[in-house]
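Asker: structure for this input, please:
(one chain, ligands or ions: 3)
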Amino acid sequence: MNLTLSAVAPQQIKTDCLIIPLFKETTAKDPQIKLPSKVVNILTDYAKLGNINSDCGQINWLFEVKECASPRLLVLGLGPISEFTAEKAISALQAAAAALLQKQYATAALALEGLACAAFSNDQWIQHAALALNEKAYQFNAFKTKTAAKKPKLKSICLCVGNSSLKNSQKALGYALALAEGMSFVKDLGNTPANHCIPSSIAKSAQEMSKKHPKLSTTVLSVADMKKLGMNAILAVGQGSRNEPKFIIVEYKGAKKSDAPIALVGKGITFDTGGISLKPPATMDEMKYDMCGAATVLGAIKVAAALNLPINIVALAACAENMPGGNAIKPGDVISTLSGQTVEILNTDAEGRLVLCDALTYCARYKPEVVLDFATLTGAMVVALGTHTSGFFSNDEALATALNHASKNSLDSAWRMPLIECFKDDLKSNFADLANIAPHRWGGAIEAAVFLAQFTKDYRWAHFDIAGTAYNGGANKGATARPLPLLMEYLYQRAYGKS
Ligand code: BES
Ligand code: MN
Ligand code: ZN
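Answerer: Numbers count the residues shown, from 1 in each chain. Ligands and ions are numbered 1, 2, ... in the order given. Prediction:
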């Protein structure tokens, strides 16, 4: 889909459909949006007659308004100004995007000039318009012979931002388009069924991505490589499967060689059966999404490269398939991790922390500025925060503050959770340095984070538990590509921000 910015007045644009956002209070005197008073009068007259519902997210169609070059107007309710929030703006934009795509028009324009306000800036209007369109237009039809859903016909959309902000808006649009593309990449990886997405497929996808960009390079560690290094935790998780584990390293060099990179670590369990501690069957299919952390870090590096961010990043994806089998790990098995610490595997379904602990040890060799990991790690995280908000943990106050800012600015909900020292007491083992689970289920997301914290003592670190946010279950089953918006906002601030 081709999104462009224009300084042309919206009513003059020849397009299949012109979208006009409308606040409840809009009058010809105070139109908010830059339209000729004649057009605004028509809209407000209609509204007075009760023909326009300007509640937030409402879609109203007007035809052949003669002051407008477009044969039809989609008047998009924004609700009362006093109640307007960024969340409302996004839901209205998503409603408009869905309506537009459903009508199968080829072209559209969106009138944005004059809408910027404290709750939602000009840049946010542009970015979230682009993201809403991408979200609603996304389809995953790779495995359907007759595509059930119609392919969207929408080819181009013009965002009317006016002359004054045309130049500045270009940056915001470029950012949103790169992010949107990255999100589709993450969704595709996540939605691909686990018989088509095994550790080597993710490696292949990383290699293909890095071939397309001169500042990217990929290294894939095989089982033999990992054996030599002593990465026995990730090897243990993968040993029950015929699909061998892979440790994927993608480096992005956007700054001086000597600049410390930001390390991004992703859990890449291409399918989590639970192993010998087998999961119950209901919704087990959703465990194909257990590699969404890995997809997120690869997506981030893709977007960073597309935007040419002046920073160094290394993404590490710890990929394995967690299966029961003749050679699978068993409850009670003891392994020696890359860090040297030994772990008693009391539950083979707590495999995410195992692949991550080796990855978190490995990444120290890059002497990273900070380390962020992303993992669909615990069901307990979903119990604690639900499916709208990602949980994150950090051993560094300034990093946590920056991540909270990134969450707020990107409108990608996240909440800091505590790393509680004494939870470590529950990870005692009679046979190893650590057990991989506690003897009870209370505070399970914190317990998992505290386990990881035993491997991250040498650097500033944050851990994102995205079990609730990385994908939707139920009727709208699908990957969400969250929290990529938050992560890109953080990386963008690292690249260009003051702190
Ligand atoms: N991949 C799961 C976590 C998960 C659960 C993600 C639900 C998305 C939705 C993880 O590997 C797991 O199985 N965790 C266990 C840990 C337990 C054995 C301590 C869990 O949450 O039940
Ligand atoms: Mn598991
Ligand atoms: Zn898992």
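
Asker: quickly list what the closest residue to T219 other than its chain neighbours is bridged to.
Answerer: Of all residues not flanking T219 in the chain, I249 sits nearest, at 4.5 Å (Cβ to Cβ, 6 or more residues apart in numbering). The way it works is simple: take the backbone N, C-alpha and C, and place the C-beta from them, glycine included. Beta-bridge partners of I249, counted by DSSP bridges, are T219, L316.

Asker: try the one 4 residues further on
Answerer: With DSSP bridges applied, the residues forming beta bridges to K253 are N312.

Asker: picking that back up, the residue nearest to T219 - how many residues pack around it?
Answerer: 19 (other Cβ atoms under 10 Å).

Asker: what packs against the lowest-mean-pLDDT helix or strand in the chain?
Answerer: Lowest by mean pLDDT, DSSP states H and E among the helices and strands of the chain is helix 37-48, with a mean of 87. For helix 37-48, the packing partners by 3 or more Cβ pairs under 8 Å, 6 or more residues apart in numbering; DSSP states H and E come out as strand 18-23, strand 59-63.

Asker: quick one: distance of it to the chain centre.
Answerer: Here helix 37-48 shows a centroid-to-chain-centroid distance of 40 Å under the convention Cα atoms, centre = their mean, to the nearest Å.

Asker: only the buried residues of that helix, if you could.
Answerer: Of the residues in helix 37-48, 39-40, 42-44, 46-47 count as buried by neighbour count, 16 or more other Cβ atoms under 10 Å.

Asker: what of stretch 401-421?
Answerer: Within stretch 401-421, the residues that qualify as buried are 402-407, 409-414, 417, 419, counting by 16+ other Cβ under 10 Å.

Asker: same question for stretch 172-184.
Answerer: Within stretch 172-184, the residues that count as buried by 16+ other Cβ under 10 Å are 172-173, 175-180, 182-184.

Asker: distance from the chain centre to that stretch, please.
Answerer: The answer for stretch 172-184 is 11 Å, by Cα atoms, centre = their mean.

Asker: now do it, average pLDDT.
Answerer: Across stretch 172-184, the average pLDDT comes to 98.

Asker: looking at this, A398 is in a helix?
Answerer: Yes. Looking at A398 with DSSP: H, G, I helix; E, B strand; the rest coil, it is inside a helix.

Asker: contacting residues around the closest residue to V355 other than its chain neighbours?
Answerer: Nearest residue to V355, sequence neighbours excluded (Cβ to Cβ, 6+ apart): A318, at 4.0 Å. Neighbour list for A318: 234, 245, 247, 265-268, 294, 355-356, 358-359 [criterion: Cβ atoms under 8 Å, 6 or more residues apart in numbering].

Asker: stretch 430-448 near ligand 1 at all?
Answerer: Yes. If you take Cβ under 6 Å from any ligand atom as the test, stretch 430-448 does meet ligand 1, through 437, 444.

Asker: that stretch: end-to-end distance?
Answerer: End-to-end distance for stretch 430-448: 19 Å, by Cα to Cα, to the nearest Å.

Asker: chain center to that stretch: distance?
Answerer: Relative to its chain's centre, stretch 430-448 lies at 28 Å (Cα atoms, centre = their mean).

Asker: what lies in contact with that stretch?
Answerer: With contact meaning Cβ under 8 Å, 6+ apart, stretch 430-448 is reached by 332, 334, 341-347, 350, 352-354, 377-381, 383-384, 391, 393, 417-420, 423, 426-429, 451, 454, 465.

Asker: next, the buried residues of that stretch.
Answerer: Result for stretch 430-448 [16+ other Cβ under 10 Å]: buried residues 432-438, 443-448.

Asker: mind checking pLDDT for the closest residue to ligand 2 within the stretch 151-300 of the chain?
Answerer: Closest contact between the stretch 151-300 of the chain and ligand 2, by Cβ to the ion, is at D272 (4.4 Å). Each residue has a pLDDT score; the one for D272 is 98.

Asker: please, which helix or strand holds E489?
Answerer: Element membership for E489 (DSSP states H and E) is helix 484-496.

Asker: for that helix, what is the average pLDDT?
Answerer: Confidence over helix 484-496 (mean pLDDT, whole number) is 98.

Asker: tell me how far the residue lying closest to K428 once chain neighbours are set aside lies from ligand 3.
Answerer: Nearest non-adjacent residue to K428, counting by Cβ to Cβ, 6+ apart: A435, 6.6 Å away. To ligand 3, A435 is 17 Å away according to Cβ to the ion, to the nearest Å.

Asker: residue contacts, whichever residue of the stretch 351-499 of the chain sits closest to ligand 3?
Answerer: Relative to ligand 3, the nearest point of the stretch 351-499 of the chain is G352 (4.4 Å; Cβ to the ion). Under the criterion of Cβ under 8 Å, 6+ apart, the neighbours of G352 are 267, 269, 272, 290, 375-378, 448.

Asker: which one (most neighbours) among those?
Answerer: Most neighbours among the contacts of G352, by other Cβ under 10 Å: K267, with 34 neighbours.

Asker: so who does that residue touch?
Answerer: Here K267 is in contact with 290-294, 318, 352, 355-356, 373-377 (criterion: Cβ under 8 Å, 6+ apart).

Asker: check K66 too.
Answerer: By Cβ under 8 Å, 6+ apart, no residues touch K66.

Asker: where does it sit: helix, strand or coil?
Answerer: Quick answer, by three-state DSSP: K66 is coil.

Asker: and for the one 10 residues further on?
Answerer: At L76, secondary structure determined by three-state DSSP is strand.

Asker: so it is in contact with C56, correct?
Answerer: No. L76 lies out of contact with C56 (Cβ atoms under 8 Å); the separation is 9.1 Å.

Asker: anything in contact with each of those two?
Answerer: Counting by Cβ under 8 Å, 6+ apart, the shared contacts of L76 and C56 are A92.

Asker: okay, these two: which has more neighbours?
Answerer: The neighbour count for L76 versus C56, taken as other Cβ under 10 Å, is higher for L76 (23 against 20).

Asker: return the residues in contact with that one.
Answerer: Counting by Cβ under 8 Å, 6+ apart, L76 touches 19-22, 57-60, 92, 95-96.

Asker: of these, just the buried ones, ChimeraX syntax please.
Answerer: Buried residues among these (16+ other Cβ under 10 Å), as a ChimeraX selection:
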select :19,20,21,22,57,58,59,60,92,95,96
